[in-house]
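Trainee: This is a predicted model, with the sequence first.
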Amino acid sequence: MSDCCSTSCESTPLNRHSCPSNGIKYQAVSPRTIIHHLKNPWHWVEKKQGYYFCEDPRCSVVYFGEDSSVIIRSELRRDIGIKDASPDALLCHCFGITRADALSNPLLKDYVIEKTGAGLCSCETSNPSGRCCLKDFPRSERR
């Protein structure tokens, strides 16, 4: 007889799940990341389920659960750089680098690479996606 209350019976969250607003599949994000970006984290009730980060700039949903619960942009402390096309949008939340900074100084990406390599970043909590920002930097014309 199996013990349904054991941890082995708990379902493992999917690595990707469809946003209830736009239907596109996105990667999982830690509740630890979410709580660091909420305006009022004490109002959020975390459930035992997977959570995901919607990076579509046209979608107002930022985080969503497997149960289709959503957290929208207005519920966060600040706008999300990947969802904001302005020059002042943050690309690197760990070091405060904006899109304009990165475009005017391509060496900033090297700085982030160096500091990340040294373990001096805090991507899991600083970046709303919970992942490294390097893929969000503008592509350089290096040869």
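Mentor: Good, I have the coordinates.

Trainee: which parts of stretch 59-68 are buried?
Mentor: Within stretch 59-68, the residues scored as buried using 16 or more other Cβ atoms under 10 Å are 59, 61-66. C-beta: built from backbone N, CA, C; applies to glycine.

Trainee: ok, residues contacting that stretch?
Mentor: Residues from elsewhere that reach stretch 59-68, judged by Cβ atoms under 8 Å, 6 or more residues apart in numbering: 13-14, 17, 19-22, 29, 34, 37, 47, 49-54, 70-76, 80, 83, 128.

Trainee: Please identify which pair of the buried residues of stretch 59-68 lies farthest apart.
Mentor: 59 and 66 (17.3 Å; Cβ to Cβ).

Trainee: any idea how far residue 116 is from residue 122?
Mentor: Look at residue 122 and residue 116: by Cβ to Cβ, to the nearest Å, they are 10 Å apart.

Trainee: for residue 57, that is, sorry about that
Mentor: Counting by Cβ to Cβ, the gap from residue 57 to residue 116 is 24 Å.

Trainee: Which one's more surrounded, these two?
Mentor: residue 116 (17 against 11; other Cβ atoms under 10 Å).

Trainee: doesn't that one fall inside a strand?
Mentor: No - membership of residue 116 in a strand is not supported by DSSP: H, G, I helix; E, B strand; the rest coil, which gives helix.

Trainee: got the contact list for it?
Mentor: Taking Cβ under 8 Å, 6+ apart as the test, what residue 116 contacts is 94, 123, 132, 134.

Trainee: Compute the number of surrounding residues for the third one.
Mentor: The reference is to residue 132. 16.

Trainee: what number of residues lie near the nearest residue to it once chain neighbours are set aside?
Mentor: Once flanking residues are discounted, residue 132 sits nearest to residue 123: 5.0 Å by Cβ to Cβ, 6 or more residues apart in numbering. Neighbour count of residue 123, defined by other Cβ under 10 Å: 17.
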